[in-house]
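S.K.: please find the sequence and the predicted model below.
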Amino acid sequence: RLEPSALNTALATTSVCDGISVVRTRNHDHTVETLRRLHREQIAALPATHARWLDPAQPEPLAFGDFQVTGAKTARKLSMRTLLGTQLRMIPLCSADRAEAVLSLAPTLPRLMRFVQSAGSPQEAENVIAALAFNEHSRPLASLLP
């Protein structure tokens with residue numbers, strides 16, 4: 001149950017702070033009548049829009065359930081390279097070009113890990129990665145390191 005004081009606070013916040021008009025109705029019948037009146041006012045204000053809704057040449061409105069199905073996020077398959085590239089882009093100042101430079105060296109995280117292990121030392125691996133230039137006009141990645 002919603003306390004009347006909480007409802008009044010919500011009404012005041014909605015109408016004053018958020019700028020949305022709040023219409024108080026007396027009961028269910030008054031609510032339905034108010035909505036009918038608002039609908040008629042909108043139709044009168046926008047006759048072209050209303051006529052378009054009634055035009056048989058227009059496609060049928062999309063039901064909400066159908067909208068949910070068509071708008072749902074679908075799981076897409078990502079390659080390991082794309083995934084690593086996305087992770088690299090999360091590093092501050094790592095642009096798509098910079099991430100691509102690292103991906104040219106090691107296109108997946110396991111291969112990057114193998115590269116680091118085979119470099120002799122983590123410092124040597126870091127030096128190789130830092131020396132990568134991501135295009136002919138760029139500074140080496142070392143310029144990003146603190």
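M.R.: Looks like it arrived, so ask away. Residues are numbered from 1 along each chain as shown.

S.K.: from Val22, how far out is Ser5?
M.R.: The spacing between Ser5 and Val22, counted by C-beta to C-beta, to the nearest Å, is 16 Å. For every residue, glycine as well, the C-beta is placed using N, CA and C.

S.K.: what do you get for Leu109?
M.R.: With the distance defined as C-beta to C-beta, Leu109 ends up 53 Å from Val22.

S.K.: about what we covered before: neighbour count winner among Ser5 and Val22?
M.R.: Using other C-beta atoms under 10 Å, the more surrounded residue of Ser5 and Val22 is Val22, with 12 against 8.

S.K.: let me know the pLDDT of that one.
M.R.: What the model reports for Val22 is a pLDDT of 71.

S.K.: Thr9 now?
M.R.: 73.

S.K.: host element of it?
M.R.: helix 4-12 (DSSP states H and E).

S.K.: after that helix comes which helix or strand?
M.R.: With elements assigned by DSSP H and E, the helix or strand that comes after helix 4-12 is helix 28-45.

S.K.: would you mark the buried spots in that next one?
M.R.: When burial is assessed from 16 or more other C-beta atoms under 10 Å, helix 28-45 yields no buried residues.

S.K.: then that helix to PDB, C-alphas only?
M.R.: This file holds the C-alpha atoms of helix 28-45, laid out as PDB (Å, rounded to 0.1, in the frame of the first residue of the first chain):
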ATOM      1  CA  HIS A  28     -11.500   5.100 -12.300                       C
ATOM      2  CA  ASP A  29     -14.300   6.500 -14.400                       C
ATOM      3  CA  HIS A  30     -12.900  10.000 -14.100                       C
ATOM      4  CA  THR A  31      -9.400   8.600 -15.100                       C
ATOM      5  CA  VAL A  32     -10.900   6.900 -18.200                       C
ATOM      6  CA  GLU A  33     -12.800  10.100 -19.200                       C
ATOM      7  CA  THR A  34      -9.700  12.200 -18.700                       C
ATOM      8  CA  LEU A  35      -7.700   9.900 -20.900                       C
ATOM      9  CA  ARG A  36     -10.400  10.000 -23.600                       C
ATOM     10  CA  ARG A  37     -10.400  13.800 -23.500                       C
ATOM     11  CA  LEU A  38      -6.700  14.000 -23.800                       C
ATOM     12  CA  HIS A  39      -6.700  11.600 -26.700                       C
ATOM     13  CA  ARG A  40      -9.400  13.700 -28.500                       C
ATOM     14  CA  GLU A  41      -7.300  16.900 -27.900                       C
ATOM     15  CA  GLN A  42      -4.300  15.200 -29.400                       C
ATOM     16  CA  ILE A  43      -6.200  14.000 -32.400                       C
ATOM     17  CA  ALA A  44      -7.600  17.500 -32.900                       C
ATOM     18  CA  ALA A  45      -4.100  19.000 -32.700                       C
END
